[in-house]
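1. Structure for this input, please:
(chains A and B)
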Amino acid sequence: MTYKYFPQTDADLQAMLQKAGVKDLDGLYAQIPESIRYRGDYNIPLEMSEQEVREVFAKLGSQNQELTCFAGFGVYDHYTPSVIPSLLQRSEFLTSYTPYQAEISQGTLHYIFEYQSMMTELTGMDISNASMYDGTTAAAEAMMMSVAAGKKANKVLVSAGMNPRTRQVLDTYALHQGIELVTLPLKDGVTSRENLEALLAEGGVAGVMVQQPNVYGIVEDFSGFADACHEKKALFIVDSVAADLAVLKTPGEWGADIAVGDGQSLGIPMLFGGPYVGYMCCTEKLIRKMPGRIVGMTKDSRDQRAFVLTLQAREQHIRRQKATSNICSNQSLMALFVTVYLSLLGKQGIKEAAQLSYAGAHYLCDELTKTGKFRLAYDKPFFNEFFVKYDGDVDALYQRFIDAGFLGGVKMDGGLLFAVTEKRTKEEIDNLVKIAAL
Amino acid sequence: MNNKLYGNLIFELSKEGRKGYSLPKNNFGSYEIPASMQRAEEAQLPECDEMTVVRHYTNLSNNNFGVDTGFYPLGSWTMKYNPKINEEMAALPKFQCLHPEQPAATTKGALALVSLLERSLCELTGLAHFTFKPYAGAHGELTGLMTIDNYHRSCGDVRKKVIVPDSAHGTNPASAAVCGLEIVEVKSLADGTVDFDDLQRIVAEQGAEIAAMMMTNPNTLGLFETRIPEIAKLIHGCGGLMYYDGANLNPMLGACRPGDMGFDVMHINLHKTFSTPHGGGGPGAGPVGVREGLQEFFPFVSPYYGNFGVMMRAYAYILSLGREHVKEVGPLAVLNANYIKESLKDVYELPIDTICCHEFVFDGLKDKSTGVTTMDVAKRLLDYGYHAPTIYFPLLFHESLMIEPTENESKETLDAFIDVMRRIAEEARTNPDEVKSAPHTTPIGRVDDVLAAKKPITTYRQLKAEAQL
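-> The predicted structure is shown next:
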């Protein structure tokens, strides 16, 4: 029975079986009723050598088409510094579990503390948890958190400017939780304050959720939103693309109580949907209502600075069925990813990357408009993503892009949503526009 | 490690004007971000050169302990070896570059991988379909319960109660609560298995309201629930479904399939049974499998294929083991656990003395006269270069010490661990203070949890404000 992952030799097996008091390996399962014992031969491929495994994956990979990405819709093709994959493969990070034993987990606890610090800086909030699965589930957790904090209120208003994928996840959680979700309609592509005030006036609202930039890429003006919410004892929740917060007005500055979103835009590869990392930040007042892990500073028995999981009384393993979240881990390695990204780019680099994305997107938008075949669906400010209507067959155009090796945005509402990051060169944009102009 | 410099926070290594990045030049002319859009205060992030960042995180990693570092017998978490080939496959550029909104015709390879992995998992579990949306084990539990809830709703049936053994992990009841369901606890017998009489009573009294029963098998004590066919029959009889928490699936590879035990819905922790790394707490993956007919009730719990990168690793593992070796995983994991148990039960209290599966639980030291606790034993193990077992769980015993060695550990590793555990038991008798004040050789000593919670400092900004007081 020798195999590269199994070190037991025949002699080992004999000695160990004897100690365990059974005759053979089958004897270890004597307690399982024969009627349900599996005696078959799993119908899966036969053992493969490492070389064969590589060949299988290479073949699968060759069936994927690498496209120059002008799509966003919540997932962005940003640049990944070479340092990050290298550090993430440090097996002390990669192959450890949750830092229960603080004395031999300071590496993880230390970087989570840094991650929390950086996310609060980006969002302008007081407190961050240790990270969540992704942006959509972080939004769902924020929705539940607002209801849990809202005493009897059970309604959450969700802007129609939220990404529909996020909305679908919210709908799922709300259905089972018995939370009433009410759509906050847009006016000219942005969440309208009059609509907000009218819906708040109906009462029973625990939370109000908006997205910045919204699903059309528009940078919205949330002036007065937080006050309107707080007047009616509702929490104001802002869902943002993490990278954009380098320059955009922050959830904190908008007066948000909870800030959530996805950190994928901080250099995490798109990898067909994951793993990414969700972030959740809140005001100091709400710290004990926040789901997920939190790392805090403390001292050890030798009077050294140390970090540790804290405020665990909030967590599911203590509260069991009284818990308002079942989260029992974080997306730790991806939190490390984001932490190293923000350490490298730092205060200046994130702004520079954001400015490049902004410039590229506006250049593309101008060039597309110049062809005379495209127009911005809404005349509103945008950041690095924008929604255009096309004077022609969108499906045919989209396919032409693909044939030329471009992912020409995301098809939506009869138009196209384009995103540009610092990775897109002027040449790529010009080539895309050439195809678009045909 | 150089604690003097690199024990600092990255913020403390920052100096204005340094940079650790290089970005392309702006060739787009002057597109200025309007001031009205911009934040008033810039994010106070560090400014560091590239090597400072590399050294900082490399040194931090030296303060961590992973499976690659040494024996990690953390019960219930299946800390098995994370093969390097899996990492190599997950890093392939032909997958890394895929945007999840790309049309299917351009992602054929990725979609084929999803389907191949699904077929393998179906074969290994005896279920018919899987959804890969759940990001983690707890997310899988929630997804599975939502599937069950959706199924009952479709039948016009109001069933809001979920039966959970009192020994279950806290996540089970929390997942049920998040799904809007109510928990009914069924008692355990002295041997930790489900009290069938109590279950019969619950079903008789509340059968029409029972949505599901959630179980791990083997259970939290590492014991196989031998009456599982009767339990499934009883639950199905009242219209409920059986949910299998895949946390303890590892010992079942090559022995028994959840589908054959009578389970209808389950999740798998790919980061346990299928060797993907735990990453310090994530990302994992918790795909949910169901019997034929239930797949239409899968909920939309995430936008795409969950943590696709984790699925790639799991598939590489399945291919590497293949039909011949996947069935050896369970027996070898079980043998390793029993070997440790039998080698230590004369010095550690074994409340349930029987053949276990992949893990078992000691109730602390046999000789507790010197006051050495499970916590002390765990901390002393760190001194000897081991990760501690899971402690104070399950809650059935006061001094629980839960050990799971996995199939990857050699007899020499187990023998060395057994020697150390015996030495600690000896020290507890002869030099208890040494054990009670452990660890002594780790980068830091025992931490003050109370101080951390009293006035939480969770960011660098708070830390600086505190220092100025």
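2. contacting residues around A:Val308?
-> Neighbouring residues of A:Val308 by C-beta atoms under 8 Å, 6 or more residues apart in numbering or on different chains: A:Ala102, A:Leu109, A:Val295, A:Gly296, A:Thr298, B:Val447, B:Asp449, B:Ala452. From N, CA and C alone the C-beta is placed, and that goes for glycine too.
3. now these as CSV including neighbour count, pLDDT and secondary structure?
-> CSV is the format used below for the contacts of A:Val308 (neighbours: other C-beta atoms under 10 Å in any protein chain shown; pLDDT from 0 to 100; DSSP: H, G, I helix; E, B strand; the rest coil):
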residue, neighbour count, pLDDT, secondary structure
A:Ala102, 23, 95, helix
A:Leu109, 27, 97, helix
A:Val295, 30, 97, strand
A:Gly296, 24, 97, strand
A:Thr298, 24, 96, strand
B:Val447, 22, 93, strand
B:Asp449, 15, 91, helix
B:Ala452, 25, 92, helix
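4. Out of those residues, which is nearest to B:Tyr57?
-> A:Leu109 (13.5 Å; C-beta to C-beta).
5. hang on, isn't that closest one packed against A:Met297?
-> No: with contact defined as C-beta atoms under 8 Å, A:Leu109 does not count as touching A:Met297 (9.5 Å).
6. Overlap in contacts, the two.
-> A:Ala306, A:Phe307.
7. Helices of chain A, start to end?
-> Listed in chain order, the helices of chain A (DSSP state H) span A:10-20, A:50-62, A:83-88, A:91-94, A:106-123, A:135-149, A:164-177, A:193-201, A:225-231, A:316-319, A:332-370, A:394-403, A:426-437.
8. What of the stretch 1-150 of chain B?
-> Secondary structure of the stretch 1-150 of chain B by DSSP state H, counting those that start in this stretch: the helices cover B:3-6, B:50-61, B:84-90, B:93-96, B:108-125, B:137-154.
9. and among the ones you listed, the most buried is which?
-> Mean neighbours per residue, mean count of other C-beta atoms under 10 Å in any protein chain shown, is largest over these for helix B:137-154, with a mean of 25.
10. Downstream of it, the next helix or strand is which one?
-> Proceeding N to C from helix B:137-154, the next assigned helix or strand is strand B:161-165, under DSSP states H and E.
11. ok, residues contacting that following strand?
-> Identification of contacts with strand B:161-165 by C-beta under 8 Å, 6+ apart yields B:145, B:172-173, B:176, B:181-186, B:188, B:194, B:199, B:202, B:206, B:209-215, B:219-220, B:235, B:240, B:243.
12. swap the cut-off to 6 Å and go again
-> For strand B:161-165, the external contacting residues (C-beta atoms under 6 Å, 6 or more residues apart in numbering or on different chains) are B:172-173, B:176, B:181-184, B:186, B:188, B:194, B:206, B:209-214.
13. before we move on, the earlier item: adding distance to A:Asp227, write the contacts of A:Val308 out as CSV.
-> Listed next are the contacts of A:Val308 as CSV, based on distance: C-beta to C-beta, whole Å:
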residue, distance to A:Asp227
A:Ala102, 42
A:Leu109, 38
A:Val295, 33
A:Gly296, 32
A:Thr298, 37
B:Val447, 42
B:Asp449, 39
B:Ala452, 35
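14. between the residues you listed, which is nearest B:Gly156?
-> The nearest member of the contacts of A:Val308 to B:Gly156, counting by C-beta to C-beta, is A:Val295 at 46.6 Å.
15. Enumerate every residue touching the closest one.
-> Contact partners of A:Val295, counting by C-beta under 6 Å, 6+ apart, are A:Leu109, A:Ile112, A:Phe113, A:Ala130, A:Phe307.
16. what about the third one, how many neighbours?
-> Same thing as A:Phe113. Taking other C-beta atoms under 10 Å in any protein chain shown as the neighbour definition, A:Phe113 ends up with a count of 27.
17. and if you look at the fourth one?
-> One way to gauge burial is a neighbour count; for A:Ala130, by other C-beta under 10 Å, it gives 31.
18. Quick check: which of the helices of chain A is nearest to B:Asn408?
-> For those, the distance to B:Asn408 is smallest for helix A:10-20, at 13.2 Å, taking C-beta to C-beta.
19. returning to that earlier point: the contacts of strand B:161-165 in strands, which ones?
-> When DSSP state E defines the strands, the subset of the contacts of strand B:161-165 inside them is B:Glu182, B:Ile183, B:Val184, B:Val186, B:Ile210, B:Ala211, B:Ala212, B:Met213, B:Met214.
20. quick one: contacts of stretch B:245-261?
-> Applying C-beta under 6 Å, 6+ apart, the contact partners of stretch B:245-261 are A:29, A:32, A:36-38, B:78, B:125-127, B:216, B:218, B:228, B:244, B:266-269, B:273, B:326-327, B:329-331, B:333-334, B:357-358.
21. out of these, which are buried?
-> A:29, A:32, A:36, A:38, B:78, B:125-127, B:216, B:218, B:228, B:244, B:266-269, B:273, B:326-327, B:329-331, B:333-334, B:357-358 (16 or more other C-beta atoms under 10 Å in any protein chain shown).
22. Domains of chain A: list them as residue ranges, please.
-> According to the domain assignment given by automatic domain parsing, chain A is divided into the following structural domains: A:68-79+A:345-437, A:83-341.
23. okay if I get the helices of chain A as JSON lines plus distance to B:Ala138?
-> Compiled in JSON lines, the helices of chain A are given as follows (distance: least, C-beta to C-beta, whole Å):
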{"stretch": "helix A:10-20", "distance to B:Ala138": "33"}
{"stretch": "helix A:50-62", "distance to B:Ala138": "29"}
{"stretch": "helix A:83-88", "distance to B:Ala138": "23"}
{"stretch": "helix A:91-94", "distance to B:Ala138": "21"}
{"stretch": "helix A:106-123", "distance to B:Ala138": "18"}
{"stretch": "helix A:135-149", "distance to B:Ala138": "11"}
{"stretch": "helix A:164-177", "distance to B:Ala138": "14"}
{"stretch": "helix A:193-201", "distance to B:Ala138": "33"}
{"stretch": "helix A:225-231", "distance to B:Ala138": "30"}
{"stretch": "helix A:316-319", "distance to B:Ala138": "8"}
{"stretch": "helix A:332-370", "distance to B:Ala138": "14"}
{"stretch": "helix A:394-403", "distance to B:Ala138": "38"}
{"stretch": "helix A:426-437", "distance to B:Ala138": "41"}
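24. Pick the most buried one from those helices.
-> Stretch with highest mean neighbour count among the helices of chain A: helix A:106-123 (a mean of 29; mean count of other C-beta under 10 Å).
25. List the contacts of that one.
-> Under the criterion C-beta under 6 Å, 6+ apart, residues A:99, A:128, A:130, A:245, A:250-251, A:259, A:279, A:281, A:295, A:307, A:335-336, A:339, A:342, B:9-10, B:43-45, B:60-61, B:63-64, B:280, B:443-444, B:458-460 lie in contact with helix A:106-123.
26. Tell me the spacing between A:Phe383 and B:Gly306.
-> 28 Å (C-beta to C-beta, to the nearest Å).
27. The two - which one has more neighbours?
-> B:Gly306 (32 against 24).
28. Okay, and that one sits in which element?
-> Since the elements are taken from DSSP H and E, B:Gly306 ends up inside neither a helix nor a strand.
29. list the contacts for it?
-> Neighbours of B:Gly306 in contact, by C-beta under 6 Å, 6+ apart: A:Gly274, B:Phe132, B:Lys133, B:Pro134, B:Tyr135, B:Ala285.
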